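*Asks:* Build me a model:
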Amino acid sequence: MKKLYVMLTSLAVMAMTVPAFAHFQMIYTPEAALNKGGKIPLALVFTHPFEAGHTMDMGKPEQFFAVRSRGENTPKKIDLLDSLKPITWTSLTNSGNAWETTYSARGGDHIFCLIPDPYWEANESFYIKQNTKVIINVGGEPGAWMEPVGLPTEIVPMAKPYDRWTGNVFQGQVLFNGKPVSGAEIEIEFMNHKPLLDKKTFAKEAKATAPQDAFVLQTIFADENGVFTFGIPKAGWWGFAALDLDPDYTHKGKKCSRDAVIWIKAVDMK
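*Replies:* Prediction:
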């Protein structure tokens, strides 16, 4: 029994000394708040954004669509799955299969939604499925950014995700099948290396330096209503991932972490 205790204690210490590298599904486009409409690029990459680290191979997504809303008009769902083209995305450590497309954005809100093919994480022996959203706005016209789109796992913004000044807070509500998830665990990462869409890679230069590994991947918890709050310390894209919202969910007979991800962008006030 004593040997077992020592072994478990040693493993726990080892686990605490291993850097945290979080998987984040990205839907990337350069700007979240556009003055004029037009064609915008979109890249779907499954990677480790703070360090531009290991990029995982994405399978063909199950769904990829946009929900466009403008003023009082009924939101319109636009299927984008067939527009996706496979690409190879290169991180600072490897290359992986990813996807890209272009989209004609007009006035109002555009909520891009991805339901990916589950990814097999061999090191952990389970699948990961991160249902992901990013919301852009054109022309400052009002839209339905605050409305759920009906993803099985979803983060619904409670503050506009495209009008955040650096120093503002962002609030979101975590939902599973449309109901709040009390105490949901949320991981947060900063997109620390600019995605270079023309080269299908990340810029080598980092925007920030983490003084210690805990700063790479931050963790907070939602309250009893599934609501979380985060103060934004730096301009750029921030990703929020609510983890394992359906503990009983499986894929091909294996555990599958069914997560919800949202990306927001903050800008400096000048």
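*Asks:* For the stretch 101-250 of the chain, just list every one of the strands.
*Replies:* 108-115, 119-121, 126-138, 153-157, 164-165, 169-176, 179-180, 185-190, 195-196, 201-202, 218-221, 227-231, 236-242, 250-251 (DSSP state E, counting those that start in this stretch).
*Asks:* Make JSON lines out of those strands and add distance to residue 265.
*Replies:* Just so you know, the C-beta spots here come from the backbone N, C-alpha and C atoms, and that holds for glycine as well. Shown next, in JSON lines, are those (distance: least, Cβ to Cβ, whole Å):
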{"stretch": "strand 108-115", "distance to residue 265": "13"}
{"stretch": "strand 119-121", "distance to residue 265": "25"}
{"stretch": "strand 126-138", "distance to residue 265": "9"}
{"stretch": "strand 153-157", "distance to residue 265": "12"}
{"stretch": "strand 164-165", "distance to residue 265": "7"}
{"stretch": "strand 169-176", "distance to residue 265": "10"}
{"stretch": "strand 179-180", "distance to residue 265": "25"}
{"stretch": "strand 185-190", "distance to residue 265": "11"}
{"stretch": "strand 195-196", "distance to residue 265": "13"}
{"stretch": "strand 201-202", "distance to residue 265": "17"}
{"stretch": "strand 218-221", "distance to residue 265": "17"}
{"stretch": "strand 227-231", "distance to residue 265": "14"}
{"stretch": "strand 236-242", "distance to residue 265": "5"}
{"stretch": "strand 250-251", "distance to residue 265": "31"}
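*Asks:* Using CSV, please lay out the ones you listed together with distance to residue 264, mean pLDDT and mean neighbour count.
*Replies:* Putting the strands of the stretch 101-250 of the chain into CSV (distance: least, Cβ to Cβ, whole Å; pLDDT from 0 to 100; neighbours: other Cβ atoms under 10 Å) gives the following:
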stretch, distance to residue 264, mean pLDDT, mean neighbour count
strand 108-115, 12, 98, 24
strand 119-121, 23, 97, 18
strand 126-138, 8, 98, 24
strand 153-157, 7, 98, 25
strand 164-165, 6, 98, 16
strand 169-176, 6, 98, 20
strand 179-180, 20, 98, 12
strand 185-190, 10, 98, 21
strand 195-196, 16, 98, 18
strand 201-202, 19, 98, 22
strand 218-221, 14, 97, 14
strand 227-231, 9, 98, 16
strand 236-242, 5, 98, 23
strand 250-251, 28, 97, 15
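*Asks:* mind checking which of those is nearest residue 95?
*Replies:* strand 201-202 (8.7 Å; Cβ to Cβ).
*Asks:* Can you tell me what sits against the closest one?
*Replies:* 52, 89, 90, 91, 92, 193, 194, 195, 196 (Cβ atoms under 8 Å, 6 or more residues apart in numbering).
*Asks:* same thing but 10 Å
*Replies:* Strand 201-202 is contacted by residues 45, 47, 49, 51-53, 55, 88-92, 95, 191-196 when judged by Cβ atoms under 10 Å, 6 or more residues apart in numbering.
*Asks:* now stretch 115-122
*Replies:* 23, 25, 44, 46, 56-65, 81, 99, 126-132, 151-153, 249-252, 254-258, 261.
*Asks:* Can you dump the C-alpha atoms of that stretch in PDB for me?
*Replies:* This file holds the C-alpha atoms of stretch 115-122, laid out as PDB (Å, rounded to 0.1, in the frame of the first residue of the first chain):
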ATOM      1  CA  ILE A 115     -19.100  20.600 -36.100                       C
ATOM      2  CA  PRO A 116     -15.800  18.700 -36.700                       C
ATOM      3  CA  ASP A 117     -15.100  15.100 -37.300                       C
ATOM      4  CA  PRO A 118     -13.900  13.700 -33.900                       C
ATOM      5  CA  TYR A 119     -10.100  13.700 -33.500                       C
ATOM      6  CA  TRP A 120      -8.400  10.600 -32.000                       C
ATOM      7  CA  GLU A 121      -6.000  11.700 -29.300                       C
ATOM      8  CA  ALA A 122      -3.700   8.700 -29.100                       C
END
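*Asks:* need the contact list for residue 152.
*Replies:* 115, 129, 131, 175, 176, 177, 178, 245, 246, 249, 258, 260.
*Asks:* Throw the residues you listed into a markdown table and include distance to residue 33, thanks.
*Replies:* Listed next are the contacts of residue 152 as a markdown table, based on distance: Cβ to Cβ, whole Å:
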| residue | distance to residue 33 |
| --- | --- |
| 115 | 25 |
| 129 | 29 |
| 131 | 24 |
| 175 | 25 |
| 176 | 29 |
| 177 | 31 |
| 178 | 28 |
| 245 | 29 |
| 246 | 33 |
| 249 | 35 |
| 258 | 30 |
| 260 | 23 |
